[in-house]
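>>> Next come a sequence and a model predicted from it.
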Amino acid sequence: MSDRELPLRLAVGGDHAGFPLKELVTKHFSELVIELIDCGTHDASPSDYPDFAVEVAEKINSGQADRGLLICGSGVGVSVAANKITGIRAAICHDTYSAHQGVEHDDMNVLCIGGRIIGSELAFEIIKSFLSARYTPEERHARRLQKIVALEED
Ligand SMILES: O=C[C@H](O)[C@H](O)[C@H](O)COP(=O)(O)O
């Protein structure tokens with residue numbers, strides 16, 4: 001995949017376990033997106049992943065960012081936390097197919113990665129796949145998304 005510009009504003013966050021990969025990701029993508037907002041953590045001292053899920057979600061829900069990227073050790077904690085927040089559709093993707101199909105079909109707006117699971121080069125490819133993808137507004141996808149919105153309203 002080429003390193004052409006990915007015209008989105010991206011909010012990035014993660015805990016101490018995600019910090020090493022987040023540092024590499026922010027450096028790699030800062031020139032490839034319109035804006036990269038680093039929501040922390042800013043060092044490797046122990047921290048709590050829900051705090052960064054909240055920060056990234058706030059950037060999206062306030063309109064400051066188009067998409068989010070969350071990195072913890074496994075990707076599990078940040079995805080569980082982010083999906084508690086209305087308007088956030090987050091998923092762990094450790095392959096490129098899920099990263100673009102999740103956007104195209106499910107309008108996924110937050111990608112979650114495990115910094116202890118995959119290396120930086122694969123992570124870069126997955127993130128590019130996620131950022132390059134666009135939601136496909138076909139009737140079946142819209143119908144399913146409406147059912148998810150209804151779950152949020154329960
Ligand atoms: O799903 C949770 C995340 O992977 C956390 O990054 C992980 O639990 C942190 O582990 P520890 O506090 O042992 O470094």
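It's in.

>>> For the chain, which segments count as strands?
Counting by DSSP state E, the chain has strands at residues 6-14, 33-38, 67-72, 90-92, 110-114.

>>> State the mean pLDDT of the third one.
For strand 67-72, mean pLDDT rounds to 98.

>>> quick one: it to chain centroid distance?
Distance, stretch centre to chain centre, for strand 67-72: 4 Å (CA atoms, centre = their mean, to the nearest Å).

>>> same thing with the first one?
Taking CA atoms, centre = their mean, one finds strand 6-14 lying 8 Å from the centre of the chain it belongs to.

>>> tell me which parts of the protein are close to the ligand?
15, 17, 46, 49, 72, 73, 74, 76, 77 (CB under 6 Å from any ligand atom). Just so you know, the C-beta spots here come from the backbone N, C-alpha and C atoms, and that holds for glycine as well.

>>> mind redoing it with 8 Å?
Remark: the part of the chain in contact with the ligand comprises 14-18, 46, 49, 72-78, 80, 114-116, using CB under 8 Å from any ligand atom.
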